[in-house]
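J.: for reference, the sequence and a predicted model appear below.
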2 protein chains.
Amino acid sequence: MKQEKRERHAKILATLNAASSVRVAELAYQLGVSTETIRRDFDEMTRAGQLSRTYGGAVRALSAEPHAQAQPRGLLLAERQRIAKATVDAVADARILLIGSGETAVHVARQIALRMKDITVVTHSFAVAAAVGENHRIEVMMIPGRYHPAKASTTGGHAIVFLQSLYADCVILGASGLTGDGPSHALPEIAAVNTAMLNRAARCLVVADQSKFDQPFSTRFADWPQVSTLVTDAPPPAGLRKTLETNRVKLLVA
Amino acid sequence: MKQEKRERHAKILATLNAASSVRVAELAYQLGVSTETIRRDFDEMTRAGQLSRTYGGAVRALSAEPHAQAQPRGLLLAERQRIAKATVDAVADARILLIGSGETAVHVARQIALRMKDITVVTHSFAVAAAVGENHRIEVMMIPGRYHPAKASTTGGHAIVFLQSLYADCVILGASGLTGDGPSHALPEIAAVNTAMLNRAARCLVVADQSKFDQPFSTRFADWPQVSTLVTDAPPPAGLRKTLETNRVKLLVA
DNA sequence: TGAAAATTGTTGAAATTCCAACAATTGCAT
DNA sequence: ATGCAATTGTTGGAATTTCAACAATTTTCA
C-alpha cells in the first residue's frame, strides 16, 4: 500500500483547504492512524513546503496557493505573451473560437479578453473560461465532462460527444511537444479532447513555445496537415521546419 | 493605559501578517505580558473574527485578508462548516450526487472530498468541481453551458439539456433566500439550472444559513414539496417552520 | 471620592503534545 | 528465500498548554 501515504497527504491538504488549521489529534482520529504518523507526515510536507507546523497542528504554508506551480511560468512569461498576441492577431476575424487547455492557451485567452468582443469562446479549461469571462462582451461556453484535477479541465466521452454538435471558425490548442509526426500531449485524455476540437473547426492554430520542439509525448493529437498555423517564439529546428513546409503549416514566429 | 490592549491586538495582527501562525508563549515573551493575557486576547479577537485559535497559538482567520470583505463570510464560516458536515452525514449513502453553486455548496463539496469516496459528483460550479476534485477517489463531472462570470458556474440551455439525460441519488442546492413559497435565487439563470437539477434527483437537500430566512429573491426554483431536507444552522421563524412541516420537509439544524 | 468594572498576573492541577527509542509490518530487490 | 529499506504503531517521560479560581492593579463613572 504505497499509495496510502499519498492519499493521506492529499487529504491533509484538502482539510487545510477547508479549515485554515488542523490538529494532530483530530487528523489522526479522522484518518485512522496514530498521531505519530500524522506528525511524520507534517514533517515531510513541511520540507516539501506544503504546510507549516504549529504546536499541536499545522497550517497551510504561506506560499502554497491552490495551484502554485514551479517556475517555468516566470521564465517563459514574456515569450508566451508574445505568442499570445500574435495568435490573437491571427484569429481576429473569427466569430466562434475553440480553445484548449494549458498555460499558453490561458495567455491567449487573456489577450482575447482584452482585444476581442462579440464572439463566442468554447473551452474545456477552467482557467481559460475564467480568463475570457472577464470580458462581458464575449460569450463563454463550457464543455462538459470528467473533471481533470491536474489540468483543471474537462475530458472524456461527454466532452467529445458535446463537441460533435459544434462548429467553430477556429481552434487554438496548446501542446506538450512538437515532432515531425505532429503535436502531442502528455495526457491522453486531453489529447483526445484536442483531437475532437480540431475536427470541429475550420482552422487550427497550435500555440507552443520553443521548449516544445522535438519533444515527443505519449499521445499525438493531430497530424500536421490538419494544422493551419503554428505560433511559437523561435524558429524551429531544420527538420521540424521542413516538415511544416511540406504540410503547408503556416509558421508564425512572434 | 487603555490603549495597551489595542496596541497589542494590532501587533498580534501584524505578527500574523508576517508569519501565518503565532504561539502563545512566543507572543507573551515578545510583548512582555503573561501567557494568560495573550490567551484572553486570542479569545476576544476570535470573537471579532480576526483570527482563529490553534492549540498553543493562533492563525489568521480564513477570510481575513484577500479582499477585506464585509463579515458575512467570516461570521458565518463556522456555521457553514457545521451545515456542511451535517449535510454530508445526510447523504452518506448516495452514489451519484448533484451539487449546485454558492458558498455553502462549496463548503459541502470540501467536506465531501474529505469524507466520501467512490462516488460521482456532478456540478455546474467551478469551485465545487475543484474542491471535490482534490479527492482522486471521486469522479467529478462538469455540466456544460454558458460561463457565468459572477458565480463561476455554467448556465443556460446546454446545461439544462445535459441534465435531462442524467440521474442522481441526491441533489444539494444552495439558495439566496427561503420563504413560504420555496427557496429562491437572485440570478434567474442559476435558478433555472437548480430547477433542472432538482428534477433529476431522487432526493433534494437545500443548504442555507439563517441569514436566508424570509428573504425573497427574484426567482423561486422549487416548491417546498419537492424539497426533501433543509439543512441550516438555526431554527427557522415560526411561519417558515410551519410551512416546512406542512410540506414534510425534514429540517436539520446543525 | 468611592465603588463597580475591566484588565492583568499568579498559581496549580489536568490535559495535551512532543520526542526519541524500539518493535512490528510491509514492500522490494538481490 | 533473505535481507534491507520504508512505513507505521507503541510507549514513557519531558515539556507545553489549558483552564479555573483568585488576587492585584488600573480604569471608569456616578
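T.: Yep, it's here. Numbering: from 1, shown residues only, chains lettered A, B, ... in the order given.

J.: C-alpha from now on. contacts and neighbour counts both.
T.: Will do.

J.: tell me what the closest residue to A:Ser101 other than its chain neighbours is bridged to.
T.: The shortest distance from A:Ser101 to any non-neighbouring residue, by CA to CA, 6 or more residues apart in numbering or on different chains, is to A:Ser125 (5.1 Å). Beta-bridge partners recorded for A:Ser125 (DSSP bridges): A:Ser153.

J.: since we're on A:Ser125, how many residues are nearby?
T.: Neighbourhood size, A:Ser125 [other CA atoms under 10 Å in any protein chain shown]: 24.

J.: can you tell me which residues contact it?
T.: By CA atoms under 8 Å, 6 or more residues apart in numbering or on different chains, A:Ser125 lies in contact with A:Gly100, A:Ser101, A:Gly102, A:Met142, A:Lys151, A:Ala152, A:Ser153, A:Thr154.

J.: tell me where the stretch 51-200 of chain A has helices.
T.: A:72-90, A:103-115, A:126-133, A:157-164, A:188-198 (DSSP state H, counting those that start in this stretch).

J.: of those helices, which is nearest chain B?
T.: helix A:126-133 (5.5 Å; CA to the nearest CA).

J.: hang on, the earlier thing: list just the nearest of the contacts of A:Ser125 to DNA strand C.
T.: A:Lys151 (27.0 Å; CA to the nearest atom of the strand).

J.: now do the same contact list for the closest one.
T.: So A:Lys151 contacts A:Ser101, A:Gly102, A:Ser125 (CA under 8 Å, 6+ apart).

J.: and stretch A:207-224, how far apart are its ends?
T.: Stretch A:207-224 stretches 13 Å from its first residue to its last (CA to CA, to the nearest Å).

J.: with adjacent residues omitted, what lies nearest to A:Val91?
T.: Counting by CA to CA, 6+ apart, the residue nearest A:Val91 is A:Cys170, at 7.4 Å.

J.: the one you found against A:Met197, yeah?
T.: No - the criterion here is CA atoms under 8 Å, and A:Cys170 misses it with A:Met197 at 9.5 Å.

J.: about what we covered before: okay, who's weakest in the contacts of A:Lys151 by pLDDT?
T.: Among these, A:Gly102 carries the weakest pLDDT, at 92.

J.: on that earlier part again, more neighbours: A:Cys170 and A:Met197, which one.
T.: Taking neighbours as other CA under 10 Å, A:Cys170 and A:Met197 compare with A:Met197 leading, 29 against 24.

J.: residues contacting that one?
T.: So A:Met197 contacts A:Leu98, A:Ile160, A:Leu163, A:Val171 (CA under 8 Å, 6+ apart).

J.: next: A:Leu240.
T.: A:Thr179, A:Gly180, A:Phe213, A:Asp214.

J.: for the nearest residue in space to the last one that is not next to it in sequence, report the pLDDT, please.
T.: The one in question is A:Asp214. With sequence-adjacent residues excluded and distances taken as CA to CA, 6+ apart, A:Asp214 is closest to A:Thr179, at 4.7 Å. In this prediction, A:Thr179 carries a pLDDT score of 93.

J.: residues contacting A:Thr179?
T.: A:Phe213, A:Asp214, A:Gln215, A:Pro216, A:Leu240.

J.: quick one, which of those are buried?
T.: Neighbour counting by 16 or more other CA atoms under 10 Å in any protein chain shown classes A:Phe213, A:Asp214, A:Pro216, A:Leu240 among those as buried.

J.: spatially central residue in chain A, please.
T.: Geometric centre of chain A, nearest residue: A:Gly102, 2.6 Å, by CA atoms, centre = their mean.

J.: look up the closest residue to it, ignoring the ones flanking it.
T.: Nearest non-adjacent residue to A:Gly102, counting by CA to CA, 6+ apart: A:Gly174, 6.0 Å away.

J.: that neighbour against A:Val207, yeah?
T.: Yes - counting by CA under 8 Å, A:Val207 is a contact partner of A:Gly174 at 5.1 Å.

J.: list residues touching both of these two?
T.: A:Thr104, A:Ala105.

J.: gap between the residue of the stretch 51-200 of chain A found nearest DNA strand C and chain B?
T.: For the stretch 51-200 of chain A and DNA strand C, the shortest gap (CA to the nearest atom of the strand) falls at A:Gly56, measuring 3.3 Å. A:Gly56 sits 5 Å away from chain B, taking CA to the nearest CA, to the nearest Å as the criterion.

J.: doesn't A:Leu27 make contact with that residue?
T.: No - with contact defined as CA under 8 Å, A:Gly56 and A:Leu27 do not form a contacting pair (10.7 Å).

J.: give me the more crowded residue out of these two.
T.: A:Leu27 (20 against 15).

J.: other SSEs contacting whatever helix or strand the more buried one lives in?
T.: Per DSSP states H and E: A:Leu27 is located in helix A:24-31. Applying 3 or more CA pairs under 8 Å, 6 or more residues apart in numbering or on different chains; DSSP states H and E, we find helix A:24-31 packed against helix A:35-47.
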